[in-house]
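Q: build me a model:
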Amino acid sequence: MNEYDSGKMADILKDSHDLELTQDEALADVLLLNTCSVREKAQEKVFSQLGRWRKLKAKQPDILIGVGGCVASQEGQAILKRASYVDLIFGPQTLHRLPQLFDQAIKQKKAQIDISFPEIEKFDHMPEARVEGATAYVSIMEGCSKYCTFCVVPYTRGEEFSRPFDDVIAEIAGLAARGVKEVTLLGQNVNAYRGNMHDGGSADLALLMHYVAAIEGIGRIRYSTSHPLEMSDSLIQSYAEIPELVSHLHLPIQTGSNALLQSMKRRHTTDEYRDIMRRIRAIRPDISMSSDFIVGYPGETEQDFKDTMDFIAEINFDHSYSFVYSQRPGTPAADFDDDVPLGLKKQRLALLQQRLSQQSANISRKMVCSTQRILVTGLSPKQKKQLDLSAYDADKAVAVDFDAGVIGAGAKNSQLTGRTENNRVVNFTGNHDLIGTFVNVNITAAFSNSLQGELPSGSRHSIA
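A: Numbers count the residues shown, from 1 in each chain. Take a look at the predicted model:
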């Protein structure tokens, strides 16, 4: 979601002020931070970065510095107390007002703050998304109404709000017409989607995905992130009815302890989570699972942590987003006694991540000798290092190799990269014109961060 929002900020300022992205801070006229407040460490990084940018502003006073996202929404005016040189502060729901805030900051020569939750639909004020490659994120809903005790999202992004069904379909159809083959449907609680339809009815995520799958050109559908409470019968049945829906599910549970799940106000049990997995795996036996885990939540005992470790092994999670618990201001858990020592939290986190890494490596090894359907996304990192990237033009599919000369459409010896349904990176040799298509690849080796593959003998063409 943050990556999607960052892209929208760039699109908006390109459309309104013809600003272009630069990777060189010294060349920038505007410096923007899109922020996350889910973890304390991420929030503190914001002020560290602002401190570095202060030196740039001292040399170039006309530079505008902006802070957007959830830290902006949570801290608001307080940001100016720590960084008075910031010019723009805007929340996730007001990023569409960025051009107006930009102009007012210049005209009035004072900081502009808008962290409201406007009733107007911000997506109605967004320019058409730029397409870069065969994959795209599409935000279909925002906010969360679950109010877990540890989570700041409902307070920084507001309650659940779903985009109208027709608007989502129109956006995805437009992306497909411009070459997008894979879409990831986004939301803080994406499987809570309930989009109004033109006939007065409402579409859930399952119905939406049926329609997305029918759009010509869309060959792969993902969604993230989800909540066990919203894994409806229709959504589970989608795995039997929608072949474009990938065999990978990110379904956060946070802990394997029922006592902690109750304390977290997750409103489900480990047995209910198991039942979801049993039903999905009956349809898709090879589905890959990932999750979120909080280690060291207030009151976590050795038995609670053991329950989590046992649950991870039982479900055989592929990977996770895991971190030690940190109190978030304004959440109910901030008033709990944070009684697990930091050293013990870190020790438990290391054990948990080691277990998950082992499981992920085992899954990768089992993929060797299998054939995987890959969406080819570009040149491999190794190939890029061998190219003069200043001469590389993705639109024209041309690059200069210091040994082989020009590589372009139709070249047979490019080192390409793509992803499997379970998000494994696969590197293999093939025609450059395979980029942006689906191909079948035989997996020949597994490494810590990628797989090696090769096209089947005699195969040099895409399958979609």
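Q: on contacts alone, who are the packing partners of the longest helix belonging to the chain?
A: When every helix of the chain is counted residue by residue (DSSP state H), the longest turns out to be helix 342-367. If you count contacts as 3 or more C-beta pairs under 8 Å, 6 or more residues apart in numbering; DSSP states H and E, helix 342-367 packs onto strand 288-295, helix 302-315, strand 319-324, strand 438-446. Heads up, the C-betas are built off the backbone N, CA and C, glycines and all.
Q: quick one: those as CSV, columns for mean pLDDT and distance to Val71 too.
A: Shown next, in CSV, are the helices and strands packed on helix 342-367 (pLDDT from 0 to 100; distance: least, C-beta to C-beta, whole Å):
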stretch, mean pLDDT, distance to Val71
strand 288-295, 98, 20
helix 302-315, 98, 29
strand 319-324, 95, 17
strand 438-446, 98, 38
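Q: got the angle for the host helix or strand of Leu375 vs strand 438-446?
A: Assigning secondary structure by DSSP states H and E places Leu375 in strand 371-379. Angle between the axes of strand 371-379 and strand 438-446 is 100 degrees (criterion: axes from the mean of the first three to the mean of the last three C-alpha atoms, to 10 degrees).
Q: sheet partners, orientation included, of strand 371-379?
A: Applying DSSP bridges to the sheet, strand 371-379 is found paired with strand 414-419 (antiparallel), strand 438-446 (antiparallel).
Q: CA atoms only: put the shortest one into CSV for me.
A: Spelled out, it's strand 414-419. Provided in CSV are the C-alpha atoms of strand 414-419 (Å, rounded to 0.1, in the frame of the first residue of the first chain):
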residue,chain,number,x,y,z
SER,A,414,19.5,-12.4,-22.2
GLN,A,415,19.6,-13.4,-18.6
LEU,A,416,16.0,-12.8,-17.6
THR,A,417,14.1,-12.7,-14.3
GLY,A,418,10.6,-13.4,-13.2
ARG,A,419,8.4,-14.6,-10.4
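Q: now that strand: how far from the chain's centre is it?
A: 21 Å (C-alpha atoms, centre = their mean, to the nearest Å).
Q: got the contact list for that strand?
A: The contact list for strand 414-419 (C-beta atoms under 8 Å, 6 or more residues apart in numbering) reads 374-383, 407, 425-432, 434-435, 439, 441.
Q: kindly report the same for stretch 32-47.
A: 2, 5-6, 9, 49-50, 65-74, 82-83, 88, 151-153, 156, 323, 326-328.
Q: likewise stretch 248-256?
A: By C-beta under 8 Å, 6+ apart, stretch 248-256 touches 148, 150, 222, 224-228, 231, 260-261, 264, 266, 270, 273, 276, 280, 287-294, 297, 300, 304, 307-312, 318, 321, 421-423.
Q: for stretch 154-171, same thing?
A: In contact with stretch 154-171 (C-beta under 8 Å, 6+ apart) are residues 37, 70, 73-74, 91-93, 117, 121, 123, 129, 138-147, 185, 188-189, 192-198, 203, 208, 211-212, 215, 330-331.
Q: again, only using 6 Å
A: The contact list for stretch 154-171 (C-beta atoms under 6 Å, 6 or more residues apart in numbering) reads 37, 70, 73-74, 92, 117, 123, 138, 140-145, 147, 189, 192-198, 203, 211, 330.
Q: out of those, which are buried?
A: Buried residues within the contacts of stretch 154-171, counting neighbours by 16 or more other C-beta atoms under 10 Å: 37, 70, 73-74, 92, 123, 138, 140-144, 189, 192-193, 195, 203.
Q: out of the contacts of stretch 32-47, list just those in helices.
A: When the contacts of stretch 32-47 are checked against helices (DSSP H), the matches are 2, 5-6, 9, 49-50, 70-74, 82, 153, 156.
Q: got a markdown table for the residues you listed, with distance to Ser457 too?
A: Putting the ones in helices among the contacts of stretch 32-47 into a markdown table (distance: C-beta to C-beta, whole Å) gives the following:
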| residue | distance to Ser457 |
| --- | --- |
| Asn2 | 43 |
| Asp5 | 45 |
| Ser6 | 42 |
| Met9 | 47 |
| Gln49 | 51 |
| Leu50 | 56 |
| Cys70 | 51 |
| Val71 | 53 |
| Ala72 | 55 |
| Ser73 | 55 |
| Gln74 | 56 |
| Arg82 | 62 |
| Val153 | 50 |
| Thr156 | 53 |
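Q: can you redo these as a markdown table with pLDDT and distance to Leu351?
A: Listed next are the ones in helices among the contacts of stretch 32-47 as a markdown table, based on pLDDT from 0 to 100; distance: C-beta to C-beta, whole Å:
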| residue | pLDDT | distance to Leu351 |
| --- | --- | --- |
| Asn2 | 82 | 28 |
| Asp5 | 87 | 34 |
| Ser6 | 89 | 33 |
| Met9 | 91 | 38 |
| Gln49 | 92 | 31 |
| Leu50 | 94 | 35 |
| Cys70 | 86 | 30 |
| Val71 | 87 | 30 |
| Ala72 | 88 | 35 |
| Ser73 | 86 | 34 |
| Gln74 | 85 | 31 |
| Arg82 | 91 | 36 |
| Val153 | 88 | 27 |
| Thr156 | 85 | 31 |
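Q: so where's the stretch 301-450 of the chain shaky on pLDDT?
A: 388-412 (pLDDT under 70).
Q: my error: substitute the stretch 51-200 of the chain in the last question.
A: In the stretch 51-200 of the chain (pLDDT under 70), the answer is 119-121, 129.
Q: mind listing the helices in the stretch 101-250 of the chain by residue range?
A: Counting by DSSP state H, counting those that start in this stretch, residue ranges of the helices within the stretch 101-250 of the chain are 153-156, 165-177, 205-213, 233-241.
Q: wait, which of those is closest to Gln358?
A: helix 233-241 (26.7 Å; C-beta to C-beta).
Q: in the closest one, which residues are buried?
A: Neighbour-count burial for helix 233-241 [16+ other C-beta under 10 Å]: 235-236, 238-239.
Q: next, count neighbours for Pro243.
A: 12 (other C-beta atoms under 10 Å).
Q: next up, phi/psi of it, please.
A: Taking degrees, to the nearest 10, you get phi -60, psi -20 for the backbone angles of Pro243.
Q: excluding covalently adjacent residues, which one is nearest to it?
A: Ala213 (7.8 Å; C-beta to C-beta, 6 or more residues apart in numbering).
Q: run a quick neighbour tally on that neighbour.
A: 17.
Q: relative to Ala203, how far out is it?
A: Using C-beta to C-beta, to the nearest Å, Ala213 is found at 13 Å from Ala203.
Q: ditto for Lys366
A: From Lys366 to Ala203 the distance is 37 Å (C-beta to C-beta).
Q: deepest-packed of the strands paired with strand 371-379, please.
A: strand 414-419 (a mean of 22; mean count of other C-beta atoms under 10 Å).
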